[in-house]
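>>> Here is my input, please return the structure:
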Amino acid sequence: MAEGVQRRLAAILAADVAGYSRLIGRDEEGTLSRLRALRREIIDPKIGDYRGRIVKTTGDGLLVEFASVVEAFRCALAIQHDLAERNVDVPTERRIDFRIGINVGDIVVEDGDIYGDGVNVAVRLEGLADPGGIYVSTRVQEDVRGKVEVIFEDLGEQKLKNIAFPVRVYRAQLNGDVVAPTSFSSADHSLLANFEKFGPPVIAVLPINDLSGDARWERLADGLSADIIADLARYPDLAVVSHQTMLSYKGRCEDVRSIGRALNADYLLESSLQSRQGQVRISVQLVDGGSGADLWAARYDQSTEDLFDFQDKVTENVVNVLASECGKLLKLKRDILRRKHPASLRAYDCYLLGQEQNSILSRESNIEAIRLLSRAVELDPGLARAWTNLGLAHSVQACNGFANDPDVPMRAWRACIEQALVHDPDDLFARICMAAFLAMDGKFEAAVDEHNRVLAAAPNNSDVLAFLAGNVALVAGDARDGCELARRAIRLNPHVPWYYGMLGRCCFVAGLFKECLAALNRAPPQMPNNWMFQVLAHTMLDQPSEANRIAARLQDVFPKFSPELFIKTYPVTNPQAVAAIREGARRAGL
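Numbers count the residues shown, from 1 in each chain. From the prediction side, this is the model:
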């Protein structure tokens, strides 16, 4: 062995900041200042307390060696506990969460640095971990078991990038962890019996860079990016980073490798668009998220009338390249049905503008969303996604108390969803809505069948999983399954606020009131149903002052909203959910 080189058995802890690039892009100086404070006040002292040695640090991470695996795990627990407490009152967009991976293995030590598979596995485990979570290998789980009071979730054998052999991965269940599993086994429930948690390659589609300098084309470019994401997400063997997450990278100049690391993405799709005199030039390249190497590139010159043809070409080429790259690990279906293209840019533009308004959730924006989406389906009656979004706008009108008679928008919602499914039977969001209507008609088995159909079609589409989670808990199914679906969505895309709202309502129905509040603290504000579930959870935890404070705000901002209106218009048909909401409302005096 070369001079200065030695081998030894050690416990390796790898940690980094989840979403570091996003935090730096939003507030570089503030993020660096908060990170230095966390290192100085929490992380470094804990490592010293548990006799760890910091081997090296990066801008957002660190590698630590321990002689004892138990000490390494206790150190990780202490760090995550203290960070969670520090984050309680920190807004979501400023919160610094660490991911931690721990492995035990033989390492090579040279000039103070450490190398080898023992180190590499720890780093890969950290890359899999949830924000605020701890993932460990089998040896760590076995050595810690019985010495530390913690429950481990067995995630099965995982093929880790650049590791020759599969590694069995365990996830530590932490107190107050909003993405921690409950004590049940999903294998006991039919909906999740064959639900794979990890494995598919992850692709991130960066927002199309509009070079035209025109607000309309910028909006169209964003819409095309969202459509490519939606098309790729229809492949069940592929995980796609959500459009909402990717919008945070719009207009930022950043190395693709750092983006890939921040998003835990194996591949990234970059593109630019330039419009001139009725023609559109679009340049696209698929990049390896680890090395930054180009895997495929193309340039398309389209007339504005044929603009949407390039989506099919991009999707098909990306799928072909990934199937070749991943070999037997990926069995992508090349014959998947494509969505019908919009008939005109005018209809598509109205659809995009309507979507924007639909996401604001005020009475005024709801009226405008319905107007714009109604115009979109008038211009293009076959645009299924516009029908679906118009239906959802009507459901928002009913559920939030914006209508004098909620039955009117409820009927309009159903009519729109029926139209959407006529034009696209594979519109999964429309299918989830249809499950709710079936349950309202007392056809619970048919509703569960719809849920199973949606899950089988999109096991790695985080938007679909989050939307489905609410249906499973509130409409038809087991609330514990709803919790797991919402957690799965958060694992895939941890920075989408509305996923936490879905997790919160599922946790309430499942009786997990602390977890409900932890999730809702990260959910979008100004949503009456989120406020309602906060009131109910605080009440069930015997915290009347907090419940009364939020209830007063709810009554002030949404005077026509009530638990009974929510039950009628969500709709809530699951007997377990109806009973839980009514009991909470009775105790809260709503």
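>>> Show me what Asp288 bridges to in the sheet.
In this entry, Asp288 is beta-bridged to Tyr267, by DSSP bridges.
>>> Give me the neighbour count for it.
The number of residues packed near Asp288 is 16, by other CB atoms under 10 Å. The C-beta positions use only the backbone N, C-alpha and C, and glycine is treated the same way.
>>> now swap in Thr58 and tell me
Thr58 has 11 neighbours, counted by other CB under 10 Å.
>>> Contacts only, for it.
Asp16 (CB atoms under 8 Å, 6 or more residues apart in numbering).
>>> swap in the one 4 residues further on?
Under the criterion of CB under 8 Å, 6+ apart, the neighbours of Leu62 are Ala14, Ala15, Asp16, Ile43, Ile54, Val55, Lys56.
>>> Tell me which entries of those residues lie within strands.
Using DSSP state E, the subset of these located in strands is Ala14, Ala15, Asp16, Ile54, Val55, Lys56.
>>> Give me the distance from stretch 209-228 to the chain's centre.
Relative to the chain's own centre, stretch 209-228 is displaced by 23 Å; criterion: CA atoms, centre = their mean, to the nearest Å.
>>> tell me the mean pLDDT over it?
Stretch 209-228 shows a mean pLDDT of 86.
>>> what does stretch 272-281 give?
Mean pLDDT, stretch 272-281: 82.
>>> mind checking the end-to-end distance for it?
Start-to-end span of stretch 272-281 (CA to CA, to the nearest Å) is 8 Å.
>>> try stretch 232-244
Taking CA to CA as the criterion, the two ends of stretch 232-244 lie 15 Å apart.
>>> Please enumerate residues in contact with that stretch?
Looking at what lies outside stretch 232-244 - CB under 8 Å, 6+ apart - the contacts are 200-205, 225-226, 229-230, 263, 265, 315, 318-319, 322, 330-333, 336-337, 426, 456-464, 492-493, 495-496.
>>> out of the ones in strands among the contacts of Leu62, which are buried?
Ala14, Ala15, Asp16, Val55 (16 or more other CB atoms under 10 Å).
>>> The residue lying closest to the third one once chain neighbours are set aside: how many residues sit nearby?
Taking CB to CB, 6 or more residues apart in numbering as the measure, Asp16 lies nearest to Gly61, with 3.2 Å between them; neighbours along the chain are not counted. As a burial measure, Gly61 scores 18 neighbours (other CB under 10 Å).
>>> How about Glu368?
Neighbours of Glu368 under the rule other CB under 10 Å: 18.
>>> what about this protein, any weak spots by pLDDT?
Where the chain drops to pLDDT under 70, the residues are 1-5, 92-93, 174-199, 323-339.
>>> quick one on the thing from earlier: what is the most widely separated pair among the buried ones among the ones in strands among the contacts of Leu62?
Spatially, the most separated pair among those is Asp16 and Val55, at 13.9 Å (CB to CB).
>>> Surely Asp154 and Arg145 touch.
No: counting by CB atoms under 8 Å, Arg145 is not a contact partner of Asp154; they are 11.8 Å apart.
>>> returning to what we had before: now, which of the contacts of stretch 232-244 lie within helices?
When the contacts of stretch 232-244 are checked against helices (DSSP state H), the matches are 225-226, 229-230, 263, 315, 318-319, 322, 456-457, 462-464, 492.
>>> out of those, which are buried?
The buried subset of those - by 16+ other CB under 10 Å - is 225-226, 229-230, 263, 315, 318-319, 322, 457, 462-464, 492.
>>> any idea which of those residues is closest to Ala347?
Comparing those against Ala347 with CB to CB places Ala226 closest, at 15.6 Å.
>>> and that closest one, what does it touch?
Taking CB under 8 Å, 6+ apart, one finds His243 in contact with Ala226.
>>> quick one: which of the contacts of Leu62 is nearest to Arg168?
Distances from Arg168 to those, taken as CB to CB, are shortest for Ala14 (17.5 Å).
>>> My read is that the closest one contacts Asn120, right?
No: using CB under 8 Å, Ala14 is not in contact with Asn120, being 9.4 Å away.
>>> and Pro544, how many neighbours?
A count of nearby residues for Pro544, using other CB under 10 Å, gives 14.
>>> Which stretches in this structure count as strands?
Using DSSP E, strands in the chain cover 5-17, 53-57, 61-66, 98-110, 113-115, 134-137, 151-158, 167-173, 202-205, 209-210, 239-240, 267-276, 279-288, 294-303.
>>> right, so those strands: which one is the most enclosed?
Across those, averaging neighbours per residue (mean count of other CB atoms under 10 Å) puts strand 134-137 on top, at a mean of 28.
>>> ok, back up a step: list just the nearest of the contacts of Leu62 to Leu286.
Leu286 lies nearest to Asp16 out of the contacts of Leu62, by CB to CB, at 25.1 Å.
>>> Make sure that closest one is actually in contact with Arg99.
Yes: Asp16 lies in contact with Arg99 (CB under 8 Å); the separation is 6.0 Å.
>>> Find the residues that touch each one of these two.
Counting by CB under 8 Å, 6+ apart, the residues touching both Asp16 and Arg99 are Glu126.
>>> How about the contacts made by the closest residue to Ser272 other than its chain neighbours?
Nearest residue to Ser272 in three dimensions, chain neighbours excluded: Asn209, at 4.2 Å (CB to CB, 6+ apart). By CB under 8 Å, 6+ apart, the residues touching Asn209 are Ala221, Gly251, Glu270, Ser271, Ser272, Leu273.
>>> Fine by me, we can end here.
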